[in-house]
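K.L.:
From the sequence below, what's the structure:
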Amino acid sequence: MNLLVRNARVLTLAAGARPRRGRELGDLAVLPNADVLVADGLVASVGPRLEAPEGAELIDANGRVLMPGFVDCHTHACWAGSRLDEWDELTRGVSWPEILGKGGGLPATVRAVREATRKQLAAGLRERLTRMLWEGTTTVEVKSGYGLTTEAEMKMLRAIVRAGQDFAGTVVPTALLGQAFEGALEDYARMVVKEMLPEVSREFPDIAVDACVEEGAWTREACVRLFEKASKHHPLRVHADRHTSLGMVPEAIRLHARSVDHLEASTRADLVALGGSHTIGVILPFAGFHSGGRFARAGFLVDQGGAVALATDCNPGPSPAHSMPFAIALAARCCGLTAQEAIAACTVNAAEVLGLRDRGTIEAGKRADMILLLHTDERMLAYEVGGNPVDLVVCGGNVVRAPR
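P.N.:
Model prediction:
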């Protein structure tokens, strides 16, 4: 299928190095009035007054913004069950320890995931992916991590892959092997390294391996042991400094992790070190918005020359959200990013986190994942709060229109 989008304000994001670092993050390489030709799922040409091939579908942007599709590089969007009742209790003054004492929190999701079939997990994820696509997200990373046994984790990963086969965009699975534990952490972590990791490696040899270092989750030492083993075959990612700084940022840098995600409690020294490294800092402002009110100092990280990515953290607990436009609005209000920096953080830089160099920009030869906004000024993505600013989505060269 050939497609020609005419008269668009095109955010190409094609200038500079990948990932974008420091103040280069805000350079969207804008073409104020240009056309984009798509052929065979790829961007064929970008420029003024392009010729339309015979039979091509024509879309007149009328000066509105055409930009790369959003890349949500950190989600836990595969789950079963509901945490709505516990959230309602929290709003009524029930304490978190009381809720945990009744079996709520992450253990409730673990139980529901274990009880669900692979087909049920895939169906739930498929529905969430559809909503994400309608709001402009064309590439979604989805983690396991709610199984806590080898059998249940493998079931989750297979469900993620299965749901991705029915998605118009791209789903990237991640093996979150160190989110929580049962029994003694030392024994559980040993099982993960000796049993779960080899099983994941056999079936998913290129998958990224993730862990969560936090009080009540994995220790830095347990995470490092897992990562030293996993790094022989897998890219590394890590949740760190969500509530407490436990020294995982320097270890992630040393181990050449692709990303350190959260960073709400990171020290100034750790952010300076991260800014001078090749590891990307992924910020997740929904988590602070929904629970705790604490946000990563992304603007400071940018000032240190760092590479920043932005994601939703979509999950059933602290971040029940899937809207990337809302994430952009929060990043601008609460994390110190400009609108332009936030846009680059959830397109070209987020694609780098996932190791996908074929998207995140609009330039010849790249995958044709693009969104056309209702607006003529991209800053409206950060200025407006709520609603869906995406008029249509082009995913792999195919036009996807959301029902209105």
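K.L.:
If Pro173 is in a bridge, with which residues?
P.N.:
With DSSP bridges as the criterion, Pro173 is bridged to Val142.
K.L.:
That one reaches Val161, doesn't it?
P.N.:
Yes. Between Pro173 and Val161 there is a contact under C-beta atoms under 8 Å: 6.0 Å. Bear in mind the C-beta positions are built from the backbone N, C-alpha and C, glycine included.
K.L.:
Give me the more crowded residue out of these two.
P.N.:
Neighbour totals were compared for Pro173 and Val161, and Pro173 leads with 22 against 17 (other C-beta atoms under 10 Å).
K.L.:
Show me the chain divided up by domain.
P.N.:
2-68+360-400, 71-353 (automatic domain parsing).
K.L.:
where does the protein have low pLDDT?
P.N.:
402-404 (pLDDT under 70).
K.L.:
Pick out the residue closest to the middle of it.
P.N.:
Centroid-nearest residue in the chain, with C-alpha atoms, centre = their mean: Cys73, separated by 2.1 Å.
K.L.:
residues touching that residue, list them.
P.N.:
Under the criterion of C-beta atoms under 8 Å, 6 or more residues apart in numbering, the neighbours of Cys73 are Thr139, Glu141, Ser259, Val282, Ala309, Ala311, Cys346, Ala350, Ala351, Val353, Leu354.
K.L.:
quick one: which of the residues you listed is nearest to Glu199?
P.N.:
The shortest approach to Glu199 among these belongs to Glu141, at 20.8 Å (C-beta to C-beta).
K.L.:
host element of the nearest residue to Asn315 once chain neighbours are set aside?
P.N.:
Spatial nearest neighbour of Asn315, excluding adjacent residues (C-beta to C-beta, 6 or more residues apart in numbering): His76 at 3.7 Å. Of the helices and strands defined by DSSP states H and E, none includes His76.
K.L.:
so what's His76 up against?
P.N.:
Contacts of His76 (C-beta under 8 Å, 6+ apart): Val142, Lys143, Gly145, Tyr146, Leu176, Asp313, Cys314, Asn315, Pro316, Ser319.
K.L.:
Of the domains of the chain, flag the one that's most buried.
P.N.:
domain 71-353 (a mean of 21; mean count of other C-beta atoms under 10 Å).
K.L.:
Give me the distance between the two termini of that domain.
P.N.:
End-to-end distance for domain 71-353, by C-alpha to C-alpha, to the nearest Å: 10 Å.
K.L.:
Likewise for stretch 75-85?
P.N.:
In stretch 75-85, first residue to last residue: 22 Å (C-alpha to C-alpha).
K.L.:
Could you do stretch 287-300 as well?
P.N.:
19 Å.
K.L.:
Next: stretch 263-279.
P.N.:
Distance across stretch 263-279, first residue to last, is 13 Å (C-alpha to C-alpha).
K.L.:
ok, residues contacting it?
P.N.:
Contact with stretch 263-279 is made by 22, 240-245, 249-250, 252-253, 256-260, 281-283, 287-288, 292, 294-298, 300-307, as judged by C-beta under 8 Å, 6+ apart.
K.L.:
now it: how far from the chain's centre is it?
P.N.:
19 Å (C-alpha atoms, centre = their mean, to the nearest Å).
K.L.:
do you know how far the residue lying farthest from the centre of the chain is from Leu4?
P.N.:
Within the chain, Glu54 marks the point farthest from the mean C-alpha position, 37.7 Å out by C-alpha atoms, centre = their mean. According to C-beta to C-beta, to the nearest Å, Glu54 stands 11 Å off from Leu4.
K.L.:
anything in contact with each of these two?
P.N.:
When contacts are counted by C-beta under 8 Å, 6+ apart, Glu54 and Leu4 have no shared neighbour.
K.L.:
The closest residue to Ala257 other than its chain neighbours bridge partners, please.
P.N.:
Counting by C-beta to C-beta, 6+ apart, Ala257 lies nearest to Leu236, which is 4.2 Å off, once chain neighbours are set aside. Counting by DSSP bridges, Leu236 forms beta bridges with Val209.
K.L.:
Thr130 versus Phe286, what's the distance?
P.N.:
According to C-beta to C-beta, Phe286 and Thr130 sit 19 Å apart.
K.L.:
now Ala44, what's its secondary structure?
P.N.:
strand (DSSP: H, G, I helix; E, B strand; the rest coil).
K.L.:
State whether Gly355 is indeed within a strand.
P.N.:
No. Assigned with three-state DSSP, Gly355 falls outside any strand and is coil.
K.L.:
mind listing what it touches?
P.N.:
By C-beta under 8 Å, 6+ apart, Gly355 lies in contact with Ala208, Pro235, Arg258.
K.L.:
Kindly present these as TSV, with separate columns for distance to Met67.
P.N.:
Shown next, in TSV, are these (distance: C-beta to C-beta, whole Å):
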residue	distance to Met67
Ala208	26
Pro235	27
Arg258	24
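K.L.:
of all those residues, which comes closest to Gly47?
P.N.:
Among the contacts of Gly355, and counting by C-beta to C-beta, the member closest to Gly47 is Arg258, at 33.5 Å.
K.L.:
Tell me which residues touch the closest one, please.
P.N.:
Residues in contact with Arg258, defined by C-beta under 8 Å, 6+ apart, are Ala208, Pro235, Leu236, Arg237, Thr279, Ile280, Val353, Gly355.
K.L.:
Repeat the analysis, applying 10 Å as the threshold.
P.N.:
73, 208, 210, 235-238, 252, 278-280, 282, 309, 352-355 (C-beta atoms under 10 Å, 6 or more residues apart in numbering).
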